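# Fold the following.
(one chain, ligands or ions: 1)
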Amino acid sequence: MKQLISFLLRRVPRKYLQLVSHYGLRVAALFYKGNNVQCPVCDSTFRKFLPYGRQSRENALCPSCLALERHRLIWLYLRDRTDFFTKERKMLHIAPELCFIDRFEKLDNLDYITGDIESPLAKVKMDIHEIPFEENTFDVIFCNHVLEHVDSDIKAMQEMRRVLKPGGWAILQVPFFYPLEDETFEDKSITSPTEREKVFGQDDHVRMYGKDYAKRLASAGFKVVEEKMVMELPKEEVKRYALPQDEIIYRVEK
Ligand SMILES: [Zn+2]
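Below is the predicted model of the structure:
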């Protein structure tokens, strides 16, 4: 059972997995019944979370809503440190994560739009290099684990800044592979999936972010706030919610 789950989770692209996995995971949820860990996104409790990742991480995926460690952290951040759930806002969610979509759609205070170039979960088909909205349209943008895939991350950042209203903010997470290099590495001549996996950490990544990620965001005109919430939480909470140990939330503002 465990091997089957971890095989499927590793081999099936996440966007497709999200569409079909509901039923299989309902069954898995029965095997993981318990009260050791809690998912703040869907409020379910389990003995532990499911393993997930190419290099499988134990205790990662919520069987009920598919939230991963980083999604649980972002949820807690929104809930406890912002007025996201109450203030009227227009929001663009790029490459939307399934665990958030239904919940964001149900929020009365959000005018919520999802967009992506290929995800079947998104309503608007769009290229992040040329976002099909006028400038100063959105109060909030979410765009997580996208910038490592796109041709020009700087252009994508500039586009997001363009469509963001003055005073608006965005959460722009990217993966980091340790040990971190000082500078982000990209090389457009590397195109084969095998080479990309070796050099950039995944077969569809086109760059490997370094310690200069915040600087890159700033170069697109953003004010960058590095939220170190997980480092400030009590250890028991980090464990209870199975949060990523050292993930910084990159909140950028216009
Ligand atoms: Zn959940």
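# so where do the strands sit in the stretch 1-150 of the chain?
33-38, 45-46, 50-52, 57-61, 89-94, 110-116, 124-125, 138-143 (DSSP state E, counting those that start in this stretch).
# count of residues packed around Lys123?
14 (other CB atoms under 10 Å). (Each C-beta comes from the backbone N, C-alpha and C, glycine too.)
# Spatially, what comes nearest to the residue of the stretch 151-254 of the chain found nearest the ion if we skip its sequence neighbours?
Distance from the ion to each residue of the stretch 151-254 of the chain (CB to the ion) is smallest for Tyr241, at 10.1 Å. Distance criterion CB to CB, 6 or more residues apart in numbering; nearest residue to Tyr241, sequence neighbours excluded, is Arg72 at 5.1 Å.
# Could you report the separation of the one you found from the ion?
8 Å (CB to the ion, to the nearest Å).
# what's the pLDDT at the closest residue to Met126 other than its chain neighbours?
Spatial nearest neighbour of Met126, chain neighbours left out: Gly115 (4.4 Å); criterion: CB to CB, 6+ apart. At Gly115, the model reports a pLDDT of 98.
# Name all residues that make contact with Gly115.
Contact partners of Gly115, counting by CB atoms under 8 Å, 6 or more residues apart in numbering, are Leu92, His93, Ile94, Ala122, Lys123, Val124, Lys125, Met126, Ile131.
# try Glu148
Val174, Pro175, Phe200, Gln202, His205, Val206, Arg207, Met208, Tyr209.
# With Leu110 instead?
So Leu110 contacts Arg89, Lys90, Met91, Phe104 (CB under 8 Å, 6+ apart).
# May I ask which two of those residues are separated the most?
In terms of CB to CB, those reach their longest pairwise distance at Lys90 and Phe104, which sit 12.1 Å apart.
# Would you mind telling me which of the two has the busier surroundings?
Phe104 (20 against 16).
# Tell me the spacing between the residue lying closest to that one once chain neighbours are set aside and Met157.
Ranked by CB to CB, 6+ apart and with sequence neighbours excluded, the top spatial neighbour of Phe104 is Tyr112, at 5.1 Å. Look at Tyr112 and Met157: by CB to CB, to the nearest Å, they are 22 Å apart.
# Counting neighbours, go ahead and name the busier of those two.
Met157 (24 against 19).
# Would you check that that one makes contact with Cys143?
No - in this structure, Met157 is not within contact of Cys143 by CB atoms under 8 Å, at 9.1 Å.
# Could you list the residues of the stretch 1-150 of the chain in contact with the ion?
Residues of the stretch 1-150 of the chain that fall close to the ion, judged by CB under 5 Å from the ion: Cys39, Val41, Cys42, Cys62, Ser64, Cys65, Ala67.
# Any idea how many residues pack against the last one?
Per other CB under 10 Å, the neighbour tally for Ala67 reads 27.
# and it, what does it touch?
Taking CB under 8 Å, 6+ apart as the definition, contacts of Ala67 comprise Cys39, Val41, Cys42, Leu61, Trp75, Glu97, Cys99.
# Redo these as a markdown table? Include pLDDT.
Shown next, in a markdown table, are those (pLDDT from 0 to 100):
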| residue | pLDDT |
| --- | --- |
| Cys39 | 97 |
| Val41 | 97 |
| Cys42 | 95 |
| Leu61 | 93 |
| Trp75 | 98 |
| Glu97 | 95 |
| Cys99 | 94 |
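# How are the helices of the stretch 1-150 of the chain distributed by residue range?
2-11, 14-31, 69-81, 98-105 (DSSP state H, counting those that start in this stretch).
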